[in-house]
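Chemist: Below: sequence and its predicted model.
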Amino acid sequence: MDYVKYRDDVIQKKEKELKFLKYFSARDFEVIDMSFIEKLHWKQLTQDDLNSLDTRSIWKNGDAFYSLRNDWTDQIQHYSREYNLDARSVTYAGLIAINEHIYTNLGVEIFNPKRNDMLQCYEYIHDFIQNELDLNVDFAVIGHYQLFDLLLSKEEQNEELFTAISERNISKISKLLSQNHSLVQLLKTPTHQQLDFLTTFADTDHPTYKSLQYWKATLEASGINHIHLDITTMPPKSYYVGSFIQLYENNNRNPIASGGHYNGTLEGFGFGIQLS
């Protein structure tokens, strides 16, 4: 069992949670809380829910099934299928359980967002990280969950190719496409140069391209000059449809914060900070 040994560690983590909630409450985000234990309604489960069952802690009690929360955004989507979430933007802090490991998640969500709403949300998160958590954002990774529509024709898209891309198996990708295919050339380019390389062949009017360039400019405007493109990440849920951003410190392999645009039962843009 994982647990925190020292009193100061517990207090510091709780202080971060409270600081986060107060920060966003002061900026008109509604503070919400939901049960760590979710009741699963089988008739409402989507294919995404079914695909994620092996990562969740699930048990049966009587005729009902229950699970520990493993994703706040997912839980909000579940909630909104039954109830009206009467809020434009929310903030939360609490536990999630993934593959039997427990983490504390700090998060914000903006529903039915305009571009300026997404920008403001990012600026708040970046400010909180830099000035409240006293961490440096040294580099960022960005991508888009519909990037393949920009890079590949519909005929070229198939599960075998997607698997090879997620594995960065350039040899196999070259066989499935060709050595000279723009996707192969992009993968052979260093990740911090890929956004610039994308400009040489992509349709600059494509909404995916415009979204990536917008976020590149936004990150640079906030002082982040080392920006990497990730084309290998597959959407964890089908409702993740837009750009995603991950913020990093040089000495930490795990992102400080991750965010992105989704459109499921609810459309929204959110950012989360995972405390170890």
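Modeler: Yep, it's here.

Chemist: Now do stretch 16-32: everything it contacts.
Modeler: 87-93, 104, 106, 108, 124, 128, 132-133, 273, 275 (C-beta atoms under 8 Å, 6 or more residues apart in numbering). The way it works is simple: take the backbone N, C-alpha and C, and place the C-beta from them, glycine included.

Chemist: Let's verify residue 135: helix, strand, or coil?
Modeler: Here residue 135 takes the coil state, with states given by DSSP: H, G, I helix; E, B strand; the rest coil.

Chemist: Kindly report the same for residue 243.
Modeler: Classification of residue 243 using three-state DSSP returns strand.

Chemist: Go through stretch 238-254 and flag the buried ones.
Modeler: Within stretch 238-254, the residues that count as buried by 16 or more other C-beta atoms under 10 Å are 239-248.

Chemist: typed the wrong thing, it's stretch 81-97
Modeler: For stretch 81-97, a neighbour-count test (16+ other C-beta under 10 Å) marks 85, 89-94, 96-97 as buried.

Chemist: likewise stretch 159-176?
Modeler: Using 16+ other C-beta under 10 Å as the test for burial, stretch 159-176 gives 161, 164-165, 169, 173-174, 176.

Chemist: Need those in TSV (columns: pLDDT, distance to residue 191 and secondary structure).
Modeler: Below are the buried residues of stretch 159-176 laid out as TSV (pLDDT from 0 to 100; distance: C-beta to C-beta, whole Å; DSSP: H, G, I helix; E, B strand; the rest coil):
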residue	pLDDT	distance to residue 191	secondary structure
161	95	20	helix
164	93	18	helix
165	92	14	helix
169	94	16	coil
173	95	16	helix
174	96	18	helix
176	95	21	helix
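
Chemist: Return the member of the residues you listed nearest to residue 56.
Modeler: residue 165 (26.6 Å; C-beta to C-beta).

Chemist: I'd assumed residue 173 was in contact with that closest one.
Modeler: Yes. Between residue 165 and residue 173 there is a contact under C-beta atoms under 8 Å: 6.3 Å.

Chemist: Next, show the common contact partners of those two.
Modeler: 183, 187.

Chemist: sorry, back to before: with distance to residue 51 as added columns, please give the buried residues of stretch 159-176 in CSV.
Modeler: Shown next, in CSV, are the buried residues of stretch 159-176 (distance: C-beta to C-beta, whole Å):
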residue, distance to residue 51
161, 20
164, 20
165, 19
169, 22
173, 24
174, 29
176, 24
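
Chemist: Just name the closest of the residues you listed to residue 12, please.
Modeler: When these are compared against residue 12 (criterion: C-beta to C-beta), the nearest one is residue 165, at 40.1 Å.
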